[in-house]
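*Asks:* Output the structure for:
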Amino acid sequence: MKNSNYYNIKDKTILITGAAGLIGSSLAKEASNLGAKLFLTDFNKDKLDKISDELIEKNNDVFSLHIDLSSQSAIDSLMEVTLSKFNKLDSAVYCQYPKSAGFGDSFEDFKEYNLYKDLNLQLGMAILFSRKLMMQFNMQGYGDLVHISSIQGVQPPKFEHYENTTMSSPIEYSAIKSGIISVTKWLAKYHKNKNIRVNCVSPGGIKDNQIEKFQKKYREDCTNIGMISPRDISSAILFLLSPSAKAINGHNFIVDDGWTL
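*Replies:* Purely as a prediction, here's the structure:
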């Protein structure tokens, strides 16, 4: 990445959950290239091993742990292992995105137990992770946390984009992502004057082999490029973790090529 002095995260210790996903893996690669010390975690062992093996070849300060962060005890274990490697934790990015078997079912057909599970896994665990992380940040006297929300947490879906496709944007996703924005603001305000910053990024649609019909409709509601790349998001996250963003706290950083306009 060019202009690395702008990001200036060399030797920073960064924990990335969901590091095998589109955003998490892009962030891990860019942060590693800039000299950060990384601890990566994901519930998909094969994908996590692949990305960590790739990074370790160039950066000895990359560690990984296959773990399912669906309980407080798992979060506690992750923090313990991470601190055993680094003794401190400058930043964390919560990209974890677990889903129930019924996530994405239609509004008319979704099951109560899947709804409870998704609300707990995606929003509840984000809150519990944040609580554990804030304890560490308070103890060491500083820290940066970035959550991942979505444009669907800012405004309702454009349902016409999904017509005559098998794709959907479920109501629980909007509820969870709007919740992430509220959690971010709450955490930032609650930890006022603690040298702690909490922000979130709301990506637009990320290109991932969606059908052409959907991409075309989506592009019509954007300004320049349409669907974005994972690197568009990882660059925004790196900025928020850098000293260049020291005055930004409790902010929802929308990266969507104007979709929400």
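*Asks:* now the strands: where do they sit in the stretch 151-261 of the chain?
*Replies:* Assigned by DSSP state E, counting those that start in this stretch, the strands in the stretch 151-261 of the chain fall at 196-203, 252-255.
*Asks:* Now for residue 107, which secondary structure element holds it?
*Replies:* Assigned by DSSP states H and E, residue 107 belongs to no helix or strand.
*Asks:* do you know how far it is from residue 123?
*Replies:* Computed as C-beta to C-beta, to the nearest Å, the residue 107 to residue 123 distance reads 18 Å. Placement of C-beta: from N, CA and C, glycine included.
*Asks:* neighbour-wise, which of those two wins?
*Replies:* The neighbour count for residue 107 versus residue 123, taken as other C-beta atoms under 10 Å, is higher for residue 123 (19 against 9).
*Asks:* Check that one and give its pLDDT.
*Replies:* Looking at residue 123, its pLDDT stands at 96.
*Asks:* same deal with residue 39?
*Replies:* pLDDT, residue 39: 98.
*Asks:* where exactly do the helices run in this structure?
*Replies:* For the chain, the helices defined by DSSP state H cover 4-7, 22-33, 45-56, 72-86, 112-118, 125-140, 171-190, 212-220, 230-241.
*Asks:* can you put those in JSON lines and add mean neighbour count?
*Replies:* Rendered in JSON lines, the data for the helices of the chain read as follows (neighbours: other C-beta atoms under 10 Å):
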{"stretch": "helix 4-7", "mean neighbour count": "15"}
{"stretch": "helix 22-33", "mean neighbour count": "24"}
{"stretch": "helix 45-56", "mean neighbour count": "17"}
{"stretch": "helix 72-86", "mean neighbour count": "15"}
{"stretch": "helix 112-118", "mean neighbour count": "16"}
{"stretch": "helix 125-140", "mean neighbour count": "17"}
{"stretch": "helix 171-190", "mean neighbour count": "18"}
{"stretch": "helix 212-220", "mean neighbour count": "14"}
{"stretch": "helix 230-241", "mean neighbour count": "22"}
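*Asks:* can you pull the contacts of the residue nearest in space to the middle of the chain?
*Replies:* Taking C-alpha atoms, centre = their mean, the centroid of the chain lies closest to residue 95, which sits 2.9 Å from it. By C-beta atoms under 8 Å, 6 or more residues apart in numbering, the contact set of residue 95 is 16-19, 21, 23-24, 27, 148.
*Asks:* So which of the strands of the stretch 151-261 of the chain has the densest surroundings on average?
*Replies:* Of these, the one with the most neighbours on average (mean count of other C-beta atoms under 10 Å) is strand 196-203, at a mean of 25.
*Asks:* Report the contact partners of residue 39.
*Replies:* Contacts of residue 39 (C-beta under 8 Å, 6+ apart): 13-16, 63-65, 81-82, 85-86.
*Asks:* same question, residue 151
*Replies:* So, once contact is read as C-beta under 8 Å, 6+ apart, residue 151 ends up touching 202-205, 254, 256, 259-260.
*Asks:* which stretches of this structure have low pLDDT?
*Replies:* Per-residue confidence of the chain (counting by pLDDT under 70) places the weak regions at 1-6.
*Asks:* so how far is residue 218 from the residue sitting furthest away from the middle of it?
*Replies:* Note on the chain: the largest C-alpha distance from the chain mean falls to residue 164, namely 29.7 Å (C-alpha atoms, centre = their mean). Distance of residue 164 to residue 218, given as C-beta to C-beta: 14 Å.
*Asks:* May I have the distance across stretch 238-253, first residue to last?
*Replies:* Counting by C-alpha to C-alpha, to the nearest Å, you get 12 Å between the two ends of stretch 238-253.
*Asks:* Pull the distance from that stretch to the chain's centre.
*Replies:* In terms of C-alpha atoms, centre = their mean, to the nearest Å, the centre of stretch 238-253 is found 14 Å from the chain centre.
*Asks:* Next: stretch 8-16.
*Replies:* Per C-alpha atoms, centre = their mean, the centroid offset for stretch 8-16 relative to its chain is 15 Å.
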